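K.L.:
task: produce atomic coordinates for the following.
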Amino acid sequence: MRLDSLDADLIQLLTDSPMLPAMECARRLGVARGTVTSRLARLQENGVIEAIIPRIQPAGFGYQLVAFCSVELDQKYGHVRITDALTESIPEIMDMYTVTGDFDLHLRVVARNASELQDVFDRISQVPGVARTSSSLALREHFQGRTLPLVKTEASHDE
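P.N.:
As a prediction, the model looks like this:
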């Protein structure tokens with residue numbers, strides 16, 4: 001799907017204010033409400049937008065520490081069974097990716113303090129099928145979920 005400048009402006013607006021009603025989006029963008037709703041439907045149908053939700057910051061309710069945990073799986077357990085078990089049992093996992101290389105999964109986890117972070121790592125390592133883990137602590141977040149520059153670049157190709 002090709003994005004244009006209206007798509008990019010709409011995505012920017014809803015990224016900045018995810019709870020903005022379609023009528024207000026239309027007013028700010030200078031288009032009809034029907035244009036906004038049809039654009040949103042098209043963006044969702046084509047997989048550009050999965051959902052419009054508030055962006056939650058775990059630090060805002062005490063989860064100040066961010067760490068990355070690489071996980072090596074025991075293949076006899078099955079990838080899906082292990083990822084499902086991790087997802088269901090450890091709410092501190094914010095992101096999970098299957099990766100190539102020395103490890104099978106890469107997780108971003110949060111915790112309130114070092115002791116709780118150790119507990120998270122212990123719970124990860126105790127999930128059946130987790131063979132080995134390695135972790136690193138994030139010292140500073142520079143950005144997260146950076147997609148708007150890519151959206152704007154893609155939209156500028158159509159102009």
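
K.L.:
low-scoring pLDDT stretches of the chain, where are they?
P.N.:
Low-confidence segments of the chain, defined by pLDDT under 70: 158-159.

K.L.:
same thing but 90
P.N.:
Scanning the chain for pLDDT under 90 picks out 1, 16, 51-57, 78, 143-148, 157-159.

K.L.:
do a quick rundown of the strands in it.
P.N.:
65-73, 93-98, 105-111, 130-137 (DSSP state E).

K.L.:
would you map out the domains in the chain?
P.N.:
Using automatic domain parsing, the domains assigned to the chain come out as 5-54, 58-137.

K.L.:
now residue 129, nearest residue through space, not along the chain?
P.N.:
residue 77 (3.1 Å; C-beta to C-beta, 6 or more residues apart in numbering). Where C-beta positions appear, they are placed from N, C-alpha and C, glycine not excepted.

K.L.:
returning to what we had before: now for the strands of the chain, which one comes closest to residue 86?
P.N.:
strand 93-98 (6.2 Å; C-beta to C-beta).

K.L.:
alpha carbons only: can I get the closest one in PDB?
P.N.:
Provided in PDB are the C-alpha atoms of strand 93-98 (Å, rounded to 0.1, in the frame of the first residue of the first chain):
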ATOM      1  CA  ILE A  93       7.700  -9.000  29.300                       C
ATOM      2  CA  MET A  94       6.900  -6.000  27.100                       C
ATOM      3  CA  ASP A  95       8.100  -7.300  23.700                       C
ATOM      4  CA  MET A  96       9.100 -10.700  22.400                       C
ATOM      5  CA  TYR A  97      10.800 -11.500  19.100                       C
ATOM      6  CA  THR A  98      12.000 -14.700  17.600                       C
END
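
K.L.:
ok, it: who's next to it in the sheet?
P.N.:
strand 105-111 (antiparallel) (DSSP bridges).

K.L.:
angle of the strand it pairs with against strand 65-73?
P.N.:
150 degrees (axes from the mean of the first three to the mean of the last three C-alpha atoms, to 10 degrees).

K.L.:
so which bits of strand 105-111 are buried?
P.N.:
105, 107, 108, 109, 110, 111 (16 or more other C-beta atoms under 10 Å).
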